[in-house]
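# Task: produce atomic coordinates for the following.
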Amino acid sequence: MDVLEWKGNILTVGVIEKYMARDENWKFQNSILRRLDAQSGDMLAEASSVEDFTGKSENPMSSTTTAYRGLGEAVVIAAKAAQASNVAINLASFEGLSAQFKLNTALAIASNNRFKLEWKKPTLNLVDIHGLGGGPELENKLKYVGDVCSRVIFGKELENAPTNVLTPEEVSKVVSMYNDVLSAIILNAE
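Numbers count the residues shown, from 1 in each chain. Predicted structure coming up:
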């Protein structure tokens, strides 16, 4: 789906500094940014000229993964503040994009429900990552990422749980909420 046809609550555009370059008419050189700017009536160009998008030399990003994780966390903060249920992430470039990005985005969405009497259901129902392609191969990769994320989230929820709260019945109840969970054998250690 084309990013300009997407309908939802929040559209996030991830851009690194080198893709903010503009031509002599002050139009973005990056085709994705140019199209989004034209669709928004030049509001993207105006907003980006008001804000400083340069990195800080004393706080360099250590890796692409760190930058993508930060983007995922920023999307979650914006989505929670706006009480959005559907968000899209559109990257101006997919250079250096790894499976770690998809994992970090999905894990950032997960709420920490440990030690809470009442669990809050996540308000974010859908995250579209535009431009990754499509087809069965991508669908299989995204299913794998979803499975890994659900297992990590499950593990986080069980981590350090007090013994009086985590009874076999409670574990069974939590496990029943997930489609595909890891099997584990718990050995008594003396």
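# where in this protein is pLDDT low?
In the predicted model of the chain, residues 1-3, 50-68, 92-124, 131-135, 138, 142, 160-166, 179-190 satisfy pLDDT under 70.
# ranges for the strands of the protein?
Using DSSP state E, the strands of the chain run over 10-14, 86-91, 126-130.
# any idea which of those is most buried?
Comparing those by mean neighbour count (mean count of other C-beta atoms under 10 Å), strand 86-91 comes out on top with a mean of 20. Yep, even glycine has a C-beta here, placed from its N, CA and C like the rest.
# Please list the outside residues in contact with it.
Strand 86-91 is contacted by residues 3, 6, 8-15, 32, 36, 71-72, 75, 78-79, 97, 105, 124-131 when judged by C-beta atoms under 8 Å, 6 or more residues apart in numbering.
# which residues of this structure fall in helices?
Per DSSP state H, the chain carries helices over the ranges 31-39, 43-50, 64-82, 99-109, 136-158, 168-175.
# could the ones you listed go into CSV alongside mean neighbour count and distance to Ala21?
Shown next, in CSV, are these (neighbours: other C-beta atoms under 10 Å; distance: least, C-beta to C-beta, whole Å):
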stretch, mean neighbour count, distance to Ala21
helix 31-39, 17, 9
helix 43-50, 14, 11
helix 64-82, 16, 18
helix 99-109, 19, 23
helix 136-158, 14, 30
helix 168-175, 11, 49
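# will you turn the ones you listed into JSON lines that also has distance to Leu91?
Formatted as JSON lines, the helices of the chain follow (distance: least, C-beta to C-beta, whole Å):
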{"stretch": "helix 31-39", "distance to Leu91": "8"}
{"stretch": "helix 43-50", "distance to Leu91": "15"}
{"stretch": "helix 64-82", "distance to Leu91": "8"}
{"stretch": "helix 99-109", "distance to Leu91": "9"}
{"stretch": "helix 136-158", "distance to Leu91": "15"}
{"stretch": "helix 168-175", "distance to Leu91": "34"}
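# Asp23 is nearest to which of those helices?
Nearest of those to Asp23, taken as C-beta to C-beta: helix 31-39 at 9.1 Å.
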